[in-house]
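Enquirer: A structural model of the following input is requested.
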Amino acid sequence: MHVFEGTTILSVRRDDQVAIAGDGQVTMDKVVAKADAVKIRKLDGVGVENAGVLIGFAGAAADAFALLERFEAKLRDSPANIKRAAIELAKQWRTDRALRHLESLIIVADRGCSLIVSGSGDVIEPTDGILGIGSGGAYATAAARALINHTDMSSRRVVEVGMQVAADLCIYTNSHISVMDLSAPGG
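Expert: Modelled structure (predicted):
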């Protein structure tokens with residue numbers, strides 16, 4: 001999978017919650033063009049019992065928004081099944097001539113499932129419920145794994161701290177962090 005410079009997205013699933021966070025830095029070549037972008041979204045009215053689906057993206061913004069629209073359409077075709085919607089998006093992304101050139105990765109998560117979706121046809125569900133993409137994704141993932149294994153922090157707090165670690169290490173990640181979360185049914 002390609003690592004995109006200029007962003008970090010982290011998703012953590014713990015107990016009955018899933019949280020997603022993204023930094024706010026947008027770079028153009030070696031210049032910070034924007035420091036407070038929001039690279040995560042919540043799709044309301046789709047997914048399990050209209051509980052919502054969280055999405056984060058890394059890569060070219062226009063490409064990511066094109067993919068978000070297509071993912072939402074696939075999700076409407078398969079309500080409450082983000083795995084199927086993600087697989088259908090990955091197949092379309094890989095085979096469609098126009099989509100094939102989009103440079104982005106997305107993380108999608110609902111109350112029961114978290115996935116990375118890529119243009120090379122990858123749909124990956126992590127064993128440990130932790131996903132990181134973008135230039136600081138590996139740093140944020142490592143921090144989140146340590147926090148999950150050695151603290152009782154909530155998923156929301158883990159993504160906040162994990163993102164701060166990434167911001168301290170990755171020159172393409174800043175500390176303007178946006179966070180969203182979902183609780184599982186009954187949680």
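Enquirer: helices and strands of the protein: which one bottoms out on pLDDT?
Expert: When each helix and strand of the chain is scored by mean pLDDT, DSSP states H and E, strand 26-28 comes last, with a mean of 83.
Enquirer: for that strand, packing partners?
Expert: Judged by 3 or more CB pairs under 8 Å, 6 or more residues apart in numbering; DSSP states H and E, the packing partners of strand 26-28 are strand 31-34. The C-beta positions use only the backbone N, C-alpha and C, and glycine is treated the same way.
Enquirer: quick revisit: in the least confident helix or strand of the chain, what's buried?
Expert: Residues Val26, Thr27 are the ones in strand 26-28 that count as buried (16 or more other CB atoms under 10 Å).
Enquirer: now it, how far from the chain's geometric center?
Expert: Its chain's average C-alpha position is 18 Å from that of strand 26-28, according to CA atoms, centre = their mean, to the nearest Å.
Enquirer: Go ahead and confirm Lys42 touches Leu68.
Expert: No: judged on CB atoms under 8 Å, Lys42 makes no contact with Leu68 at a distance of 11.4 Å.
Enquirer: Identify the contacts common to these two.
Expert: Here Lys42 and Leu68 have Ile55 as joint contacts, going by CB atoms under 8 Å, 6 or more residues apart in numbering.
Enquirer: Many thanks, I have nothing further to ask.
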